[in-house]
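**Student:** Just need the structure, nothing else, for what follows:
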Amino acid sequence: MRLVLNEPVERRDRPYARRWWALLVLCLSLLIIVMANTALTVAAPDMTRDLGLSSADLQWVIDGYTVPYAALMLLLGAIGDKYSRRGALGLGLVVFGGGAVFGYFADSSTTVIAARAVMGVGAALIMPATLSLLAATFPRAERAKAITLWTATAGLAIAAGPVVAGALLKDHGWSSTFLINVPIAAVALVAAFVLVPPSKAAHHERIDYVGGLLSVVWIGSLVYMIIEGPHFGWGAKAVTAAVVAGVGLVAFVLWELRHPRPVLDVRRFAHRRFAGSNLAVALFFLAVFGAFYYLTQHLQFVLGYDALQTGLRMLPLAGAVFVGSALTGWLTPRIGMKPTVTAGMVGGTAALALLTQVDGSSSYGDFVAPLIVLGLAIGLALSPCTDAIMGAFPESELGVGGAVNDTSLELGGSLGIAILGSLLSTSYSDHLSDATAGSKLPASALSTAQDSVGAGYQVAQGIGDRARQLAEQAAHTSDAQQAAQLKAQAGQLAEGARQMTDAVGSSFSDAVAHTSLVGAVILAVGTVLVALLLPRGQAAVTQEPEEAKELVGSGTR
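**Tutor:** Alright, predicted model coming up:
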């Protein structure tokens with residue numbers, strides 16, 4: 001037996017015997033893509049202090065990964081279909097691992113952002129390749145189960161990133177969190193050539209590079225606008241990006257409608273199952289990424305957990321994703337895709353609704369139920385949607401199918417962080433202003449505290465430090481009258497620090513509740529839309545429904 005698999009999966013007359021081992025490799029590849037973002041959330045405070053990052057710098061450290069990742073997936077998925085899906089996976093792992101090593105040695109905001117962008121390019125190669133290789137390797141009867149495990153891996157990665165990063169941060173600097181990805185990428189790269197059979201489209205015409213480049217322009221501009229506008233204001237950059245995204249989208253749709261071999265047949269979005277599945281994926285990750293963004297902050301800043309403790313407390317979410325995935329594997333073949341996905345989205349809405357009860361006195365116990373419900377909801381809803389999206393594409397376009405699913409996911413996540421993150425910031429600022437009304441806090445200090453919950457606690461700590469300095473001066477002053485004055489000032493400042501700490505915590509908790517309410521409303525409206533879009537009947541689990549057959553037929557070249 002050869003060490004490197006060379007026989008394409010398309011030439012085999014029976015299912016590949018080691019396909020479940022191949023799935024493990026694909027799941028490992030997915031794991032590092034998701035962990036790259038979730039690990040960064042707990043490393044961000046140390047990185048900010050060490051590099052002196054501004055809020056804008058930190059935002060682009062996070063989102064420098066997102067823009068190339070979202071923008072390039074469709075084009076790179078098509079290239080993988082034509083030339084080699086396993087080759088795209090391998091190249092992506094090399095690029096991703098190289099970017100991670102670059103990030104480890106980075107010593108400025110510019111180099112960290114550049115490293116994250118390189119990792120985003122690698123992720124854009126890896127993500128669609130994992131789904132296309134999964135779909136090509138597994139027979140249709142087993143594909144839904146394989147996609148369920150693939151989805152569950154994403155849920156595990158959401159919690160695994162903070163846990164592993166937190167463990168590293170106890171004894172190492174923030175740069176060590178970049179190295180989490182390197183050994184996994186190396187193992188996945190070797191295993192890909194040993195366990196994953198090569199695959200490419202049996203019949204694939206010339207790539208529609210114009211359509212692919214238009215997709216890069218409009219998706220990249222849209223993600224840039226989503227990041228820039230809510231966080232930094234609707235200035236010239238955000239408005240220009242919005243115009244470019246709008247014009248690029250129109251040009252892309254018109255070009256694809258007229259091209260005989262489009263990179264993406266946009267007519268697919270006229271089919272209810274396909275459109276509803278993409279909408280469900282986008283809305284779900286809007287809720288999940290947005291909630292994860294502010295829950296990790298609440299656990300770290302308000303409840304005072306360190307990075308490792310925060311990661312461990314997110315584990316109920318990961319466990320619930322696995323349970324939800326097992327449930328969807330049992331429910332979907334019996335009751336159909338529509339009830340299962342709708343139930344998952346109702347569960348996600350309920351999880352956000354539970355978070356509206358958060359206040360300044362809330363403990364970690366108040367977050368356990370929402371995390372479990374949200375995890376169950378992810379497991380229920382996402383696997384059937386991903387299976388439906390992949391089932392809508394013929395064999396020659398599996399990479400494009402994976403890219404469409406992943407682009408919906410990434411756009412939803414970007415919107416979640418942008419919309420809910422911006423709302424959280426505004427709500428926190430307003431609540432803090434109300435909570436400190438009538439205090440003698442200088443306007444400059446209040447403005448600094450309103451920037452973020454971390455900045456708020458730093459202001460409170462600064463006031464407390466000043467109180468301790470005055471108390472020490474009083475203890476060493478021989479003049480009784482001056483000592484009494486210093487003690488009085490120290491007491492006032494200490495009380496002010498305590499009040500400021502309480503105000504910051506309660507204001508952020510109120511902002512979490514308010515933001516969760518808006519998120520619940522968005523997801524509730526989306527649930528109704530998805531329920532109206534998705535057709536009745538069984539999802540394509542053991543055989544393709546009529547609609548999926550039509551879609552495959554319409555996409556055949």
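
**Student:** Report the secondary structure element holding the nearest residue in space to residue 413 that is not next to it in sequence.
**Tutor:** Excluding its sequence neighbours, the residue lying closest to residue 413 (C-beta to C-beta, 6 or more residues apart in numbering) is residue 289, at 3.7 Å. Where C-beta positions appear, they are placed from N, C-alpha and C, glycine not excepted. Using DSSP states H and E, residue 289 sits within helix 272-297.

**Student:** longest helix of the chain?
**Tutor:** Criterion DSSP state H: the longest helix present in the chain is helix 480-533.

**Student:** That one: how far from the chain's middle?
**Tutor:** Relative to its parent chain, helix 480-533 has a centroid offset of 25 Å by C-alpha atoms, centre = their mean, to the nearest Å.

**Student:** what mean pLDDT does that helix have?
**Tutor:** For helix 480-533, mean pLDDT rounds to 90.

**Student:** got the angle between it and helix 272-297?
**Tutor:** Orientation check (axes from the mean of the first three to the mean of the last three C-alpha atoms, to 10 degrees): helix 480-533 against helix 272-297 gives 170 degrees.

**Student:** thinking again about what came up before, buried ones in the helix holding residue 289?
**Tutor:** 273-297 (16 or more other C-beta atoms under 10 Å).

**Student:** list the contacts for residue 507?
**Tutor:** 428, 431-432, 434-435, 456 (C-beta atoms under 8 Å, 6 or more residues apart in numbering).

**Student:** Please repeat the previous calculation with a cut-off of 7 Å.
**Tutor:** By C-beta atoms under 7 Å, 6 or more residues apart in numbering, the contact list for residue 507 reads 428, 431-432, 435.

**Student:** Report the separation between the residue nearest to residue 413 and residue 6.
**Tutor:** Distance, residue 289 to residue 6, by C-beta to C-beta, to the nearest Å: 39 Å.

**Student:** For the protein, which residues score under the pLDDT cut-off?
**Tutor:** Across the chain, residues meeting the criterion (pLDDT under 70) sit at 1-2, 55, 204, 537-557.

**Student:** My understanding was that residue 403 contacts residue 75; is that so?
**Tutor:** No: using C-beta atoms under 7 Å as the test, residue 403 is too far from residue 75 to be in contact (8.1 Å).

**Student:** With the flanking residues excluded, which residue is spatially nearest to residue 519?
**Tutor:** residue 352 (4.6 Å).

**Student:** my bad, should have said residue 436
**Tutor:** residue 503 (5.5 Å).

**Student:** helix or strand for the closest residue to residue 487 other than its chain neighbours, which one?
**Tutor:** Leaving aside its sequence neighbours, residue 487 sits nearest to residue 474 (C-beta to C-beta, 6+ apart; 4.6 Å). In the assignment (DSSP H and E), residue 474 maps to helix 453-475.

**Student:** Could you name the helices and strands sitting against that helix?
**Tutor:** Applying 3 or more C-beta pairs under 7 Å, 6 or more residues apart in numbering; DSSP states H and E, one finds that helix 453-475 contacts helix 443-449, helix 480-533.

**Student:** That helix: how far from the chain's middle?
**Tutor:** 37 Å.

**Student:** ok, and what's touching the helix or strand harbouring residue 322?
**Tutor:** Per DSSP H and E, residue 322 falls inside helix 315-335. Helix 315-335 is contacted by residues 145, 148, 151-152, 155-156, 158-159, 340, 368, 371-372, 374-380, 383-384, 539, 541-542 when judged by C-beta under 7 Å, 6+ apart.

**Student:** how close does the spatially closest residue to residue 367 that is not a sequence neighbour get to residue 409?
**Tutor:** Counting by C-beta to C-beta, 6+ apart, residue 367 lies nearest to residue 295, which is 6.7 Å off, once chain neighbours are set aside. Look at residue 295 and residue 409: by C-beta to C-beta, they are 19 Å apart.

**Student:** what does residue 50 give?
**Tutor:** Going from residue 50 to residue 409 by C-beta to C-beta gives 31 Å.

**Student:** And for residue 401?
**Tutor:** Distance, residue 401 to residue 409, by C-beta to C-beta: 13 Å.

**Student:** now residue 305
**Tutor:** Applying C-beta to C-beta, the value for residue 305 to residue 409 is 28 Å.

**Student:** tally of neighbours for residue 482?
**Tutor:** Here the number of neighbours of residue 482 (other C-beta atoms under 10 Å) works out to 12.

**Student:** Grab the nearest non-local neighbour of it.
**Tutor:** residue 474 (8.0 Å).

**Student:** Tell me if I'm right that that neighbour and residue 490 touch.
**Tutor:** Yes: at 6.4 Å, residue 474 and residue 490 qualify as touching, with contact defined as C-beta under 7 Å.

**Student:** hmm, back to that, residue 50 and residue 409: which is more packed in?
**Tutor:** Per other C-beta under 10 Å, whichever of residue 50 and residue 409 has more neighbours is residue 409, with 25 against 13.
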